[in-house]
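K.L.:
Turn this into a model:
(chains A and B)
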Amino acid sequence: MKQTLIALVEDKPGVLNRVASLFRRRNFNIESLAVGHSETPGVSRMTIVTDEEEYLRRNVVRTNLLKMINVIDVQDVTDAPCVARETALIKVTADAATRGQVMNVAEMYRAHICDVATETLIVEVTGEGDKIDSMLEVLNPFGIVEIMRSGKIAMTRGAVEPRSSTVAVSANGKAHGK
Amino acid sequence: MAEIKTGAEIVWECLLREGVEVVFGYPGGAIMPTYDILAKLKGKIHHVLVRHEQGATHMADGYARASGKVGVAMATSGPGATNMVTGLATAMMDSSPIVCITGQVPTGAIGGDAFQETDVTGVTLPVTKHNYLVTEVENLAQIIREAFYIARTGRPGPVLIDIPKDVQNAKIEFEYPTDPIDLPGYHPPAKASDEQVEAALELINSAEKPVILAGHGVLMSGAMKEVLDLAEKGSIPITTTLLGIGGVPASHPLNMGMMGMHGEACTNHAIQEADLLIACGMRFDDRVTGNLKTYSPNSKKIHIEIDASELNKNVRVDVGIHADLGTVLRQVNPGVKKRDRSAWLGKISDWQEDTSQRDILQAETPTMLAAQAVRAIWEGTQGNAVIVSDVGQHQMLEAQYYEHEEPHTLLTSGGLGTMGFSLPAAIGASFHVKDREIWVIVGDGSIQMTITELATAVQENANVKIAIINNGYLGMVRQWQQLFFEARYVETPISSPDYIKLAEAYGLPGYRVDKLEDVISTMRKAQEHNGPVLIEFVVEEHDMVYPMVPAGADLHAMIRRPHPRFENMEM
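P.N.:
Residues are numbered from 1 along each chain as shown, chains lettered A, B, ... in the order given. Predicted structure coming up:
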């Protein structure tokens, strides 16, 4: 099973580079990395998926991330109950003859059609990675032109307070050299 | 009260407030505004003009290792900064607290391939604990404060601050920030939990054959007394890493000596046979473990380490404690039960007996051996000097034959193995160490990497005695060639300048010794001179460092010096 980490990091120039560089130099492999603003100003939340299988090795990934000055907290949610989603934009060949069939597939996967052209459609689908893989398989016979996947984003279920939230509140960015 | 200050003035004010007494550096275009302020700081802060920026970083590092304070190095942008990379990497691997300040091209020019522009924060990212590019003068003082704080706390390490020229020139109304430093993502750990203490005690009190592995963390944490308390209370033998040397007195009966690739044979046997390893502030480097698959196969392991990412990195441990070593041992020691471990200690002294029979110090040889030279330096300094060793055979022989009784008396590049470290590091150390002699023990290969700093030593009249152990080879590589490359000595014979003439040219006394009986008298001459002195020791070319665990081999599979006497040794 792939390892999923949620990291809270300071929203400062170069932090994404620091995180990505860490993975490279420690010989860890990033499967996907998604980053955006969090609920706290000055703090970004990252979801990182690695291919580390082994428990101890996973912990080394986590502690190396935590060691970075700009990383506020890291949770390994691989085995935690959480909502995990990925979005994909898929450009599929679809002319007048096949358009209806593609739209049918889209409906089955609760996907949206977000662009229609004479020869192609863009389908937007959100779900767990398996669902997207499955949809791609079904769409493949129609002819897939382009795929853009967002990478996984994840959030733990319920009111479990991540250890970091109290710390993150004090991270107003201003006190830290911004 | 707020005053109008430039960025350059703020840099120095911050350094003075951090208690910095000496800065090692080299000026250049992008750092000139900061250097210009030095003219007003005579008597307050001393600047050492190095001959190469790598030297500045090693000097700051040597100063930091000798003093426990943060060392400071300064350089210009581009090549000035890139020359610092080796020194930063050295400090990073050995957890040495230094702060490097580099000039950068003006913010408006960044990214435009300006003259002497390099992405210094990008280049140094993997070799610093943290680094900063200062884009606004308003943040400068806070960043310098953070840099010193980060460098010296937790697991110490190098921090680099890159300051564009326009930020150095910018003027602001300045008031020194005094609020406590609060970095949301940086919280050095404090102590062990009760459960961890209990788990550790259970293992310690039930072990029959425990061994303490004492690393650099013993010195960094100042836990020398605590480690000895643990050892003495539990009758537990100690072995040290290279950087752990001095953390426990060499003469202490429970101290077996150094472990690992060139460690004492008894220590490696003890580690392999142990039923408990208590790892104190060390990181199970490949040079101390050998083959991880067969490393200490029957032992439980307790690992006390301030850097959480070291726990379970190389060796799987049963009790991992992420905290300050001294604090943890103060929690653990009261619960350690006195136990009779004489059977275990007896076994170790049998191994030690065997080692002493193989010793080469008494060997009658036509030419002086490097080990004998090192031992003579130990005698000539009464074991009391601060030794700064370089990298190679002489470094390992120093670790084996110079007995260090006190912490911070051996400064050496362990993790990175940086040839050229010793001379500049010793110059740096000389700005703190005033009550002891400082001796550089360096090979003929290593000295030639940073020999340019002889000029700095003379200019500063740094009181360092430089012992060049000259065997005409890159000796350690030659040793590997002899053992593992069928004695093809490819590019390891190395010529040297006439060191005596070189010393004269640089303006320091130089002596050559090629007989063991002349060592002490020559050392006396060096000791009587206040300032740098160079002594060349001409030693046997083909000597080897034993024991040796070949890289990646099982720790107990040591190549030993042929038994029983040196006369039978295959050269």
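K.L.:
give the contact list for the closest residue to residue A:10 other than its chain neighbours.
P.N.:
Distances taken as C-beta to C-beta, 6 or more residues apart in numbering or on different chains place residue A:70 nearest to residue A:10, at 4.4 Å, with adjacent residues excluded. Where you see a C-beta, it was placed from the backbone N, CA and C, and this is true even at glycine. By C-beta atoms under 8 Å, 6 or more residues apart in numbering or on different chains, the contact set of residue A:70 is A:9, A:10, A:12, A:15, A:18, B:185.
K.L.:
Let's see which of those residues end up in strands.
P.N.:
In strands, judged by DSSP state E, the following of those are found: A:9, A:10.
K.L.:
Can you select the buried ones from the contacts of residue A:70 in PyMOL?
P.N.:
To isolate the buried members of these in PyMOL, using 16 or more other C-beta atoms under 10 Å in any protein chain shown:
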select buried, (chain A and resi 9+10+12+15+18) or (chain B and resi 185)
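K.L.:
Not counting its neighbours along the chain, what's nearest residue B:309?
P.N.:
Closest residue in space to residue B:309, ignoring its immediate chain neighbours: residue A:63 at 3.9 Å, by C-beta to C-beta, 6+ apart.
K.L.:
Adding pLDDT and distance to residue B:329, write the contacts of residue A:70 out as JSON lines.
P.N.:
Shown next, in JSON lines, are these (pLDDT from 0 to 100; distance: C-beta to C-beta, whole Å):
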{"residue": "A:9", "pLDDT": "97", "distance to residue B:329": "34"}
{"residue": "A:10", "pLDDT": "96", "distance to residue B:329": "34"}
{"residue": "A:12", "pLDDT": "92", "distance to residue B:329": "37"}
{"residue": "A:15", "pLDDT": "95", "distance to residue B:329": "36"}
{"residue": "A:18", "pLDDT": "95", "distance to residue B:329": "34"}
{"residue": "B:185", "pLDDT": "93", "distance to residue B:329": "28"}
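K.L.:
I'd like to check what contacts the helix or strand of chain B with the lowest mean pLDDT. Which residues are they?
P.N.:
Among the helical and strand segments of chain B, the one scoring lowest on mean pLDDT, DSSP states H and E is helix B:342-357, with a mean of 89. Residues lying outside helix B:342-357 but in contact with it, judged by C-beta under 8 Å, 6+ apart, are B:208-210, B:235, B:237, B:254, B:256, B:264-266, B:269-270, B:273, B:563-564.
K.L.:
Determine the longest helix present in chain A.
P.N.:
Criterion DSSP state H: the longest helix present in chain A is helix A:55-67.
K.L.:
Distance from the chain centre to that helix, please.
P.N.:
Remark: helix A:55-67 is offset 19 Å from the chain centroid, using C-alpha atoms, centre = their mean, to the nearest Å.
K.L.:
Any chance you could list what contacts that helix?
P.N.:
When contacts are defined by C-beta under 8 Å, 6+ apart, helix A:55-67 is touched by residues A:3, A:5, A:7, A:19, A:22, A:26, A:28, A:48, A:50, A:52, A:71, A:73-74, A:76, A:78, B:185, B:307-309, B:311-313, B:316.
K.L.:
now do stretch B:520-530
P.N.:
With contacts defined as C-beta under 8 Å, 6+ apart, stretch B:520-530 is touched by B:376-377, B:379-381, B:437, B:461, B:463, B:465, B:509, B:511, B:513, B:533, B:535.
K.L.:
wait, which of the contacts of helix B:342-357 is closest to residue B:105?
P.N.:
Closest approach between the contacts of helix B:342-357 and residue B:105, by C-beta to C-beta: residue B:264, at 52.3 Å.
K.L.:
Now that closest one: phi and psi?
P.N.:
Backbone torsions of residue B:264, given as degrees, to the nearest 10, read phi -60, psi 140.
K.L.:
Skipping its backbone neighbours, what lies nearest it in space?
P.N.:
Using C-beta to C-beta, 6+ apart and skipping the chain neighbours, the partner closest in space to residue B:264 is residue B:257 (4.0 Å).
K.L.:
part of a strand, is that neighbour?
P.N.:
Yes - assignment of residue B:257 by DSSP: H, G, I helix; E, B strand; the rest coil places it within a strand.
K.L.:
Contact partners for it?
P.N.:
B:239, B:240, B:250, B:263, B:264, B:266, B:267, B:400.
K.L.:
From chain A, how far out is it?
P.N.:
From residue B:257 over to chain A the distance is 30 Å, taken as C-beta to the nearest C-beta, to the nearest Å.
K.L.:
With residue B:515 instead?
P.N.:
Applying C-beta to the nearest C-beta to residue B:515 and chain A gives a distance of 49 Å.
K.L.:
tell me the contacts of the residue nearest to the spatial centre of chain A?
P.N.:
Centroid-nearest residue in chain A: residue A:152, 2.5 Å away (criterion: C-alpha atoms, centre = their mean). Going by C-beta under 8 Å, 6+ apart, residue A:152 touches A:4, A:32, A:34, A:47, A:49, A:84, A:85, A:86, A:129.
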